[in-house]
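Asker: model this:
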Amino acid sequence: MSLPKVAVVGVHGHGGSHLRTVADLEARGLARLSAVVDPREPDDAPAPWFASLGDLLSADTGTLPDVVVLSTPIHTHLPLARAAMEAGIDVLLEKPTTASLAEHAELVAVAERTGRLCQVGFQTFGSHALPAVVDMIARGEVGQVTGIGAVGTWVRTAAYWARSPWAGRRRMGDRAVVDGAVTNPLAHAVATALWVGGARTSTDLAYVNTDLWRANPIEADDTSSLRTVGTDGTRYGFGLTLCAAIRTPARVIVQGTAGEIELEYEHDLVRLRTGRVVAEKQYGRTGLLENLLRARTGERLLCDARDTGAFMQVLEAVRTAADPTPIGDEFVDWADGVDTGPGGGPRGKIAGTQGNPEGDARHPVVRDVAEWCERAAREQRTFTELGAPWTVEK
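Answerer: You can find the predicted model right below:
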């Protein structure tokens, strides 16, 4: 039996990781790379190159892939995924699923009409730690759940916001983009917390309160908090920033009447703390492309586009909210990014409010932002509700 053919669309930047994944699957005899698609022809392309997905789809039918991986700008997700599925091709679509809740509904409708598979690239959904955490909750390991939160304190430099014309944009012309902290780099924190709490569809959330801020000269948010309540009464809190002093592992925290569970989803690491037990365990992970290939013969998708509706409800709240509020200069220091923190990310040498380092490595640091993110997650309250200093009017 011939191996499934996989094409990768968007091979520069994060797309390179997908090429490596396909190469690994090829070495294991599970798939083969049949084409690469990108407006810029890559050096030493590992497979036939096409400038656009349309060019690939209009080529000789014998070259059509069985699966396409779409690692492209957010606002292109729906049209590209729709074109692929209507051509009879299954899709692995990078997160976030689409740029709006309406687009998400259209994407799901296309998948149902064509009968094609559409997996979304929330890699954490392949983590074996997630069902383990859900099982701990079901067994009552932490008693009754009182709240679920997520903390993300990351660093993004000026180079990150200059990586493409759509980076840090809320919209381009009449198209939504929504490339901010909540909806792109730390989208995994939001989606994973919702998954752990059982929220899958948009109707699983009663409401979403947003509190969006920015320290960078961008359109989108880089420092934000959210308060969300599920229709089942579960309370969610999110404290997320790309303007931390150092990058620390993002965490989902399940708080209960008898203890708490902490999940470092980047490392599939679970910590259980109760009055009786303090335990830690690291889990394995199933790759989403490998799962998609198996789903073509009956295995369940780990991150079906249908199951990202709750996350898309959060994205929609961010998309339709007022533009993020600039954080006052008096609450922001600037770092040059030359040092490295214990989490492996840039820590930087603080230049202070009067200094503003130049170059691609510079990045703003919102003072004490890690502590405020922790409180937002644990108390399920926004920065403004907590009285974070940059939110207080003078």
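Asker: mean confidence score for stretch 275-283?
Answerer: Predicted confidence along stretch 275-283 averages 94 (mean pLDDT).
Asker: Just the C-alphas of that stretch, formatted as CSV.
Answerer: As requested, the backbone C-alpha atoms of stretch 275-283 are provided in CSV (Å, rounded to 0.1, in the frame of the first residue of the first chain):
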residue,chain,number,x,y,z
GLY,A,275,-3.0,17.6,52.0
ARG,A,276,-2.0,14.0,51.6
VAL,A,277,0.0,13.9,48.4
VAL,A,278,2.6,15.9,46.6
ALA,A,279,3.4,14.1,43.3
GLU,A,280,4.8,14.9,39.9
LYS,A,281,4.7,12.9,36.7
GLN,A,282,5.7,13.6,33.0
TYR,A,283,3.6,12.1,30.3
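Asker: The closest residue to residue 230 other than its chain neighbours in helix, strand or coil?
Answerer: Using Cβ to Cβ, 6 or more residues apart in numbering and skipping the chain neighbours, the partner closest in space to residue 230 is residue 199 (5.3 Å). C-betas here are computed from N, CA, C, even on glycine. Assigned by DSSP: H, G, I helix; E, B strand; the rest coil, the conformation of residue 199 is coil.
Asker: for the stretch 151-300 of the chain, what spans make up the helices?
Answerer: For the stretch 151-300 of the chain, applying DSSP state H, counting those that start in this stretch gives helices covering 158-161, 187-196, 288-295.
Asker: what residues does the first one touch?
Answerer: Contact partners of helix 158-161, identified using Cβ atoms under 8 Å, 6 or more residues apart in numbering, comprise 167, 168, 216, 218, 242, 359, 360, 361, 362, 363.
Asker: my read: residue 301 touches residue 294, true?
Answerer: No - with contact defined as Cβ atoms under 8 Å, residue 301 and residue 294 do not form a contacting pair (9.4 Å).
Asker: Who has more neighbours out of the two?
Answerer: In this view residue 301 and residue 294 are compared by other Cβ atoms under 10 Å, and residue 301 has more residues nearby, 20 against 15.
Asker: tell me the SS of that one?
Answerer: coil.
Asker: Please parse this protein into its domains.
Answerer: Taking automatic domain parsing as the criterion, the chain consists of the domains 5-124, 128-284+307-391.
Asker: Take these and write them to CSV, including mean neighbour count and distance to residue 290.
Answerer: Shown next, in CSV, are the domains of the chain (neighbours: other Cβ atoms under 10 Å; distance: least, Cβ to Cβ, whole Å):
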stretch, mean neighbour count, distance to residue 290
domain 5-124, 19, 6
domain 128-284+307-391, 20, 12
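Asker: how distant is stretch 166-174 from the center of its chain?
Answerer: Chain-centre distance of stretch 166-174: 17 Å, with Cα atoms, centre = their mean, to the nearest Å.
Asker: which other helices and strands contact the helix or strand containing residue 81?
Answerer: Using DSSP states H and E, residue 81 sits in helix 77-86. When contacts are defined as 3 or more Cβ pairs under 8 Å, 6 or more residues apart in numbering; DSSP states H and E, helix 77-86 packs onto helix 53-57, strand 67-70, strand 90-93, helix 101-114.
Asker: What mean pLDDT does stretch 331-351 get?
Answerer: Across stretch 331-351, pLDDT averages out at 62.
Asker: go on, stretch 309-319?
Answerer: On average, the pLDDT along stretch 309-319 is 98.
Asker: contacts for it?
Answerer: Applying Cβ under 8 Å, 6+ apart, the set of residues contacting stretch 309-319 is 96-101, 104, 108, 122, 170, 176, 178, 180, 182-183, 187, 190-191, 194, 199-205, 208-210, 212, 221, 224, 226, 228.
Asker: So for residue 129, which of the helices and strands packed on helix 77-86 sits nearest?
Answerer: Nearest of the helices and strands packed on helix 77-86 to residue 129, taken as Cβ to Cβ: strand 90-93 at 21.1 Å.
Asker: in its sheet, what does the closest one sit against?
Answerer: Strand 90-93 sits in its sheet next to strand 67-70 (parallel), strand 118-120 (parallel), going by DSSP bridges.
Asker: With mean pLDDT and distance to residue 370 added, can I get the ones you listed in a markdown table?
Answerer: Supplementary listing: those in a markdown table, determined by pLDDT from 0 to 100; distance: least, Cβ to Cβ, whole Å:
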| stretch | mean pLDDT | distance to residue 370 |
| --- | --- | --- |
| strand 67-70 | 98 | 34 |
| strand 118-120 | 98 | 29 |
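Asker: what sits against residue 69?
Answerer: 6, 7, 8, 9, 15, 18, 22, 91, 92, 94, 289.
Asker: hmm, try it at 10 Å
Answerer: Counting by Cβ atoms under 10 Å, 6 or more residues apart in numbering, residue 69 makes contact with 6-11, 15, 17-19, 21-22, 33, 37, 84, 91-94, 119, 121, 288-289, 292.
Asker: mind checking how far it is from residue 267?
Answerer: 24 Å (Cβ to Cβ, to the nearest Å).
Asker: send the alpha carbons of stretch 216-231 over as CSV?
Answerer: Extracted in CSV, the C-alpha atoms of stretch 216-231 (Å, rounded to 0.1, in the frame of the first residue of the first chain):
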residue,chain,number,x,y,z
ASN,A,216,4.5,47.2,22.3
PRO,A,217,3.7,49.5,19.5
ILE,A,218,1.3,47.1,17.9
GLU,A,219,-2.5,46.8,17.3
ALA,A,220,-3.1,43.6,19.2
ASP,A,221,-2.8,42.7,22.8
ASP,A,222,0.5,41.5,24.4
THR,A,223,-0.6,41.6,28.1
SER,A,224,-4.1,40.5,28.8
SER,A,225,-6.5,38.9,31.3
LEU,A,226,-9.8,37.1,30.8
ARG,A,227,-12.6,35.9,33.1
THR,A,228,-14.8,33.2,31.7
VAL,A,229,-17.6,31.1,33.1
GLY,A,230,-18.9,27.9,31.5
THR,A,231,-22.5,27.1,31.1
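Asker: Lovely, talk soon.
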